[in-house]
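Asker: With the sequence up front, the predicted model follows.
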Amino acid sequence: MGFYGPEPFDTAEATYVWTGLREPGFFSVSVKGAAPNFTSGIQLIRDPHFVGGLAIDVMGWTGPLAQGTTPYAVHAVFGGFYLPKILIVGQNKRLLIDVKEIPFTTEEAYVKHLTVARKLETA
């Protein structure tokens, strides 16, 4: 039987996308790591009880427990107003990361940017 809980991570990065004047933008957050074998459903979840900023929990289902790890990468988007740093919380650490900024006038422009960047990564 599996259990739901925090997962370990190695690296995390966040980018804030400005969507217009006097409008909240969104955070694009990516996390990479190695989770215990037989882990699935890894997600980035906003901590609703964190006060004073944005905290993202790295969560997943693990079980049955086994030897070894499997690499993973996960990405999620969170709406909100700009913050220069956000907190990423996993099973192995709590990491305060710097947020990069990207000025886009539309979400469509950002999606196009992500599509091009992913094609370059796989090439």
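Answerer: Great, that's in hand.
Asker: who's in contact with residue 21?
Answerer: Contacts here follow CB atoms under 8 Å, 6 or more residues apart in numbering; on that basis residue 21 touches nothing. C-beta coordinates here come from the backbone N, C-alpha and C atoms, glycine included.
Asker: Any figure for the gap between it and residue 103?
Answerer: Separation of residue 21 from residue 103 (CB to CB, to the nearest Å) stands at 11 Å.
Asker: again with residue 48
Answerer: Applying CB to CB, the value for residue 48 to residue 103 is 29 Å.
Asker: between those two, who's got more neighbours?
Answerer: Neighbour tally, residue 48 and residue 103, criterion other CB atoms under 10 Å: the higher count belongs to residue 103, 12 against 6.
Asker: Might one say that that one is in contact with residue 19?
Answerer: No. Because the distance of 9.2 Å does not satisfy CB atoms under 8 Å, residue 103 is recorded as not touching residue 19.
Asker: For the protein, which segments are assigned as helices?
Answerer: Across the chain, reading from the start of the chain, the helices by DSSP state H fall at 107-122.
Asker: Okay, now the unreliable bits of it?
Answerer: Screening the chain residue by residue with the criterion pLDDT under 70, one finds the ranges 104-107, 117, 120-123.
Asker: Would you map the strands across it?
Answerer: 3-6, 11-18, 25-36, 39-46, 55-62, 69-80, 85-89, 94-103 (DSSP state E).
Asker: between these, which one is nearest to residue 113?
Answerer: Smallest distance to residue 113 across those (CB to CB): 7.4 Å, for strand 94-103.
Asker: got the angle for the closest one vs strand 25-36?
Answerer: Using axes from the mean of the first three to the mean of the last three CA atoms, to 10 degrees, the direction of strand 94-103 lies 140 degrees away from that of strand 25-36.
Asker: How far off centre is strand 94-103?
Answerer: Using CA atoms, centre = their mean, to the nearest Å, the distance from the centre of strand 94-103 to the centre of the chain it belongs to is 11 Å.
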